[in-house]
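Asks: Test case, fold it:
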Amino acid sequence: MKFIVRLLVTAAVAYGLSMMLKPHIFIDSYATALIFVLVLGLLNAIIKPILVILTLPITVVTLGLFLLVINVLMVILADKFVDGIHIGGFLWAFIFGILLSFLSSTLTSLLGSDK
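Replies: Numbers count the residues shown, from 1 in each chain. Take a look at the predicted model:
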């Protein structure tokens with residue numbers, strides 16, 4: 001049940017961010033946002049750990065800041081896999097990824113605090 005709530009909240013945040021960042025981030029519907037979040041979750045579960053291990057030396061040298069680049073690459077890769085979404089470049093993928101992570105985590109923790 002937590003997975004479904006987190007998925008729906010993250011999709012809503014992604015769709016809302018696309019409305020706020022309209023010319024640079026475009027998601028055509030909530031269903032597309034839901035598919036985007038599923039694909040992003042799969043990429044984060046499968047490909048991201050491999051990239052983290054392969055880029056461990058540069059991550060250590062940059063004191064972990066290179067993990068932000070990996071997050072941006074995951075957002076851009078998910079954009080390429082899902083039709084109906086357009087992200088206008090690396091900087092906008094960075095902004096979108098940071099905001100998506102922060103807002104979805106905050107909202108999920110607020111919704112999940114009722115036990």
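Asks: So which bits of the longest helix anywhere in the chain are buried?
Replies: Ranked by residue count under DSSP state H, the longest helix found in the chain is helix 30-54. Neighbour-count burial for helix 30-54, counted by 16 or more other Cβ atoms under 10 Å, picks out 32-37, 39-41, 43, 48, 51. Yep, even glycine has a C-beta here, placed from its N, CA and C like the rest.
Asks: try stretch 93-109
Replies: Of the residues in stretch 93-109, 93-97, 99-100, 103-104, 107-108 count as buried by neighbour count, 16+ other Cβ under 10 Å.
Asks: OK, contacts around the residue most central in space within the chain?
Replies: Centroid-nearest residue in the chain: Gly97, 4.8 Å away (criterion: Cα atoms, centre = their mean). If a contact means Cβ atoms under 8 Å, 6 or more residues apart in numbering, then Gly97 has 68, 71-72, 74-75 as its contacts.
Asks: try 7 Å this time
Replies: 71-72, 75 (Cβ atoms under 7 Å, 6 or more residues apart in numbering).
Asks: Also Thr32?
Replies: So Thr32 contacts 82, 84-85 (Cβ under 7 Å, 6+ apart).
Asks: Go again with 10 Å.
Replies: By Cβ atoms under 10 Å, 6 or more residues apart in numbering, the residues touching Thr32 are 11, 14-15, 18, 26, 82-85.
Asks: could these go into CSV alongside secondary structure?
Replies: Shown next, in CSV, are the contacts of Thr32 (DSSP: H, G, I helix; E, B strand; the rest coil):
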residue, secondary structure
Ala11, helix
Ala14, helix
Tyr15, helix
Ser18, helix
Phe26, strand
Val82, coil
Asp83, coil
Gly84, coil
Ile85, strand
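Asks: So among these, which ones count as buried?
Replies: Using 16+ other Cβ under 10 Å as the burial test, those include 11, 14-15, 18, 26, 82, 85 as buried.
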